[in-house]
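*Asks:* turn this into a structure:
(one chain, ligands or ions: 1)
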Amino acid sequence: MATVIDGKLAAEKVIATVTQASAALEGQKGVRPGLAVVIVGDDAASHTYVAAKSRMAKQCGFNSIQHSLPGDTTQEALEALVAELNADPAIHGILVQLPLPKNLDSEGVTQLVAPEKDVDGLHVVNAGKIATGDFETGLVSCTPAGSMLLVKQALGDDLSGLNAVVIGRSNLFGKPMALLLLAANATVTMAHSRSKDLASICKNADILVAAVGRSEMVKADWVKPGATIIDVGINRIPAPEKGVGKTRLVGDVAFSECEKVAGSITPVPGGVGPMTIAMLMANTVVAASRALG
Ligand code: GUN
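*Replies:* This is a model prediction of the structure:
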């Protein structure tokens, strides 16, 4: 049976370090790291994630600000808010929760966030720094950064000689994840919905990272014995066994069958999810310490 990678425990360690760093900054500079989270509309899942981010920011000792805007907010109003937060010296990190309502231009807003406050790592400046191997001066997108920490916890810092397969090619996750694995010397394959014979591509993976948003898509016979599996999916499915109308969370990996083949595997929930929030806090304290010199 695979070792289950405890993302909650790993996240708690990151949070403890961040909380110390935050207190040290406040002691030395008299300023608390400031994180502004912006959410537009009433998507229930997004509100749950944002509430968790704001709560954790407070727990880390940050100045935690949440802007909840109505679903009919205009592009101009949202851009004006981002510009105000960019100019606010008390705010060191800005996160605009995605997806935005369909009438808004997500990419336009994302690129308006000042790169040095872009704790999501989505600005082209930060994406470009990762692409060119600069991991020192930019900010790395939170879910890939957290996933990478779990990979390194399982396998060590140097992934030389290992085949990594990332399923999913989003800017938010798949692309930066592939670049981080590459930087750690893995041989990386990017697979996606148009890839042919996904099963045999995955079967070659010493490190298999799934981020497709399809419930339990990765099956046991896709998995190389002993592989490290990182499941980035968070899918809500009906759970009639829990009662009428009840649901449960599952990943993109069929956990109970794959854990019999893999060497180590992240659970859903309790794997990558807690790491995303922890890395957001880590990025915020890094942004604050850079800003405060
Ligand atoms: N929606 C789902 N994940 C994320 C994330 O990491 N950042 C933002 N801004 N929105 C998200």
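
*Asks:* mind checking what secondary structure the spatially most central residue of the chain has?
*Replies:* Centroid check for the chain by C-alpha atoms, centre = their mean gives T143 as the closest residue, at 1.7 Å. What DSSP: H, G, I helix; E, B strand; the rest coil gives for T143 is helix.

*Asks:* quick one: it from M275, how far?
*Replies:* To M275, T143 is 8 Å away according to C-beta to C-beta, to the nearest Å. The way it works is simple: take the backbone N, C-alpha and C, and place the C-beta from them, glycine included.

*Asks:* G174 is in contact with the residue nearest to the centre of the chain, correct?
*Replies:* No - look at T143 against G174 with C-beta atoms under 8 Å: they stay out of range, at 10.1 Å.

*Asks:* shared neighbours of the two, anything?
*Replies:* Residues touching both T143 and G174 (C-beta atoms under 8 Å, 6 or more residues apart in numbering): A211.

*Asks:* who are the contact partners of A278?
*Replies:* Shown in contact with A278 (C-beta under 8 Å, 6+ apart): A10, A11, E12, V14, I15, V18, M56, G146.

*Asks:* any weak-confidence spans in the stretch 101-250 of the chain?
*Replies:* Of all residues in the stretch 101-250 of the chain, none has pLDDT under 70.

*Asks:* and the closest residue to the ligand within the chain, helix, strand or coil?
*Replies:* Here the residue of the chain nearest the ligand is L98; by C-beta to the nearest ligand atom that distance is 3.7 Å. Here L98 is recorded as coil under three-state DSSP.

*Asks:* burial count for it?
*Replies:* Using other C-beta atoms under 10 Å, L98 has 14 other residues around it.

*Asks:* likewise K29?
*Replies:* 13.

*Asks:* ok, for it, nearest residue in space, not its chain neighbours?
*Replies:* Once flanking residues are discounted, K29 sits nearest to L292: 4.6 Å by C-beta to C-beta, 6 or more residues apart in numbering.

*Asks:* what residues does the one you found make contact with?
*Replies:* L292 neighbours (C-beta under 8 Å, 6+ apart): L25, K29, V31.

*Asks:* out of these, which is nearest to G161?
*Replies:* Nearest to G161 among the contacts of L292 is L25, at 39.9 Å by C-beta to C-beta.

*Asks:* can you report how many residues neighbour the closest one?
*Replies:* With neighbours defined by other C-beta under 10 Å, the count for L25 comes to 21.
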